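Visitor: can you look at this prediction? I've put the sequence above it.
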Amino acid sequence: MDFDRYKKMNDEKENSRVLEDATASFTYHNGACGDGYVIYLKVKDGVIEDASYTTSGCGFGLAALAVITKLVKGKTLDEAAKIGPAEIEADFAFPEKRRNYPATATEAMAGAIQAAREKMAA
């Protein structure tokens, strides 16, 4: 694990903010550790223009959310839905005991994508 990058991610909190003009948001609760996430997506013509999050969780949750919100920007909802834990791990290697965080970030993003699809269909 790159501890310098981890520290930088936690200090800078990339994409950590409420997205006021979000198309949709999704609240996720990680029952295993108690972390709470809210993912915000701004979607135009089926493409994610912006993505952000807020979290009450630890630094590993923040790192996973920072990576996935970066990865989905500029992708269609269908493309973003295909991003999984492996893509997050490819961007930032989590320690073995923290490998659950890319999975929870992926689950939270899936909920946000579904919320965006539902809002756009309405």
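Guide: Cool, the structure landed. Numbering: from 1, shown residues only.
Visitor: scan this protein for its longest helix.
Guide: Among all segments of the chain classified by DSSP state H, the helix with the greatest residue count is helix 100-121.
Visitor: average pLDDT for it?
Guide: With pLDDT averaged residue by residue, helix 100-121 scores 94.
Visitor: buried set for it?
Guide: Neighbour counts over helix 100-121 (16 or more other CB atoms under 10 Å) mark 100-102, 104-106, 108-113, 115-117 as buried. (Glycine included, C-beta is placed from N, CA and C.)
Visitor: residues in contact with it?
Guide: The list of residues contacting helix 100-121 from outside it, by CB atoms under 8 Å, 6 or more residues apart in numbering, reads 23-26, 28, 30, 32-33, 35, 37, 39-41, 43, 46, 48, 51, 53, 60-61, 63-65, 67-69, 72, 77, 80-81, 83-86, 88-89, 94.
Visitor: in strands, which of the residues you listed fall?
Guide: Using DSSP state E to define strands, the subset of the contacts of helix 100-121 located there is 24-26, 28, 37, 39-41, 43, 48, 51, 53.
Visitor: take those and write them to a markdown table, including neighbour count, pLDDT and distance to residue 2.
Guide: Formatted as a markdown table, the ones in strands among the contacts of helix 100-121 follow (neighbours: other CB atoms under 10 Å; pLDDT from 0 to 100; distance: CB to CB, whole Å):
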| residue | neighbour count | pLDDT | distance to residue 2 |
| --- | --- | --- | --- |
| 24 | 20 | 96 | 32 |
| 25 | 19 | 96 | 30 |
| 26 | 21 | 97 | 29 |
| 28 | 21 | 94 | 26 |
| 37 | 25 | 93 | 23 |
| 39 | 30 | 97 | 24 |
| 40 | 24 | 98 | 27 |
| 41 | 26 | 98 | 28 |
| 43 | 22 | 97 | 31 |
| 48 | 24 | 98 | 26 |
| 51 | 26 | 98 | 23 |
| 53 | 30 | 96 | 21 |
